[in-house]
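1. based on what follows, work out the 3D shape:
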Amino acid sequence: MRRVHPTAVVDPAAKLAGDVVVGPYSVVGDGVELDEGVEIGSHVVLTGPTRIGARTRIFPFCVIGGEPQVQGVEGRSWLRIGRDNVIREYTSIHCGTPSEGGGTRIGDGNFLLNNVHVAHDCRLGSHCVMTSFAALAGHVEVLDHAVLGARSGVHQFCRVGESSFIGGGTRLSKDAPPFGRVMGERARFAGVNTLGLERRGFSAERVADIKHAYHLLFQSRLRLEPALLRVEAECGEVPEVARLLGFFRSSMRGVTRP
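-> As a prediction, this is how the structure comes out:
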């Protein structure tokens, strides 16, 4: 059964599933769609066009679906948030910019801690963790199972690779490579994210393949393209290594190195 607190303000054009919960003093605007089982805490502001997937929980004082923070840009495109996300206090997530023709998208099963910021036109995958005060500038892409430490910041148009770990306070201005750890105010590659891979159920052999790939890339003293070709020849048949190679070859800003 739908439960909307008497003090909440819900626009008549908003679409709420039958078992949605909206807490005291929250605002649900025109163009907002809440799927089944969504829980909105108190003092939350939701504006559209925004759709929030099933069973996502949003805690007090979040602002979701706001206009992009871009000078000279008026209006917004859209925001899509998937299922089973947890979005903690004071988080802000913005819609995309209309001129780009896209929007902001968040996948399933993510955990966003307090005071996180996701800017316009970002793509956040599934099963990611953004720790307190972590922030994504515009057009950032974060792939599945990534973890961003407290107070880390990602420069616009950067990518954060699959199962990577970004240390607390890191300032990332180049792509963070998949399956790796990136740390420091001047971000540096600090090794393979072994713990994260073990938690995902990767076998010791698969972790060894990834470590071997990075050994060739960063310690063989080869230039990047010859190193990529050698990785491809020696372990390119491993699916995770194949994805790693694709990530490096598609990088536009360069990849963070040791």
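
2. any idea how far Y214 is from the residue nearest to E198 when sequence neighbours are not counted?
-> Nearest residue to E198, sequence neighbours excluded (C-beta to C-beta, 6 or more residues apart in numbering): V207, at 7.3 Å. C-beta: built from backbone N, CA, C; applies to glycine. From V207 across to Y214, the span is 11 Å (C-beta to C-beta, to the nearest Å).

3. so which of these two has more stuff around it?
-> A count of neighbours by other C-beta atoms under 10 Å puts Y214 above the other of V207 and Y214, at 21 against 17.

4. what sits against V241?
-> Counting by C-beta atoms under 8 Å, 6 or more residues apart in numbering, V241 makes contact with D209, I210, A213, V231, C235.

5. the second one contacts N193, doesn't it?
-> If I follow you right, that is I210. No. Assessed by C-beta atoms under 8 Å, I210 is found out of contact with N193, at 9.1 Å.

6. rewinding a little: how is the residue nearest to E198 assigned, secondary-structure-wise?
-> Secondary structure, DSSP: H, G, I helix; E, B strand; the rest coil: V207 is helix.

7. quick check: it vs S126, distance?
-> Separation of V207 from S126 (C-beta to C-beta): 21 Å.

8. likewise for R253?
-> R253 is 23 Å from S126, by C-beta to C-beta.

9. got any ranges where the stretch 101-250 of the chain has weak pLDDT?
-> Counting by pLDDT under 70, the stretch 101-250 of the chain has low-confidence residues at 101.

10. how about a cut-off of 50?
-> Residue ranges of the stretch 101-250 of the chain with pLDDT under 50: none are present.

11. strands along that one, start to end?
-> With strands called from DSSP state E, counting those that start in this stretch, the stretch 101-250 of the chain shows them at 104-106, 111-112, 117-118, 123-124, 129-130, 135-136, 141-142, 147-148, 153-154, 159-160, 165-166, 171-172, 180-183, 188-192.

12. thanks a lot, catch you later.
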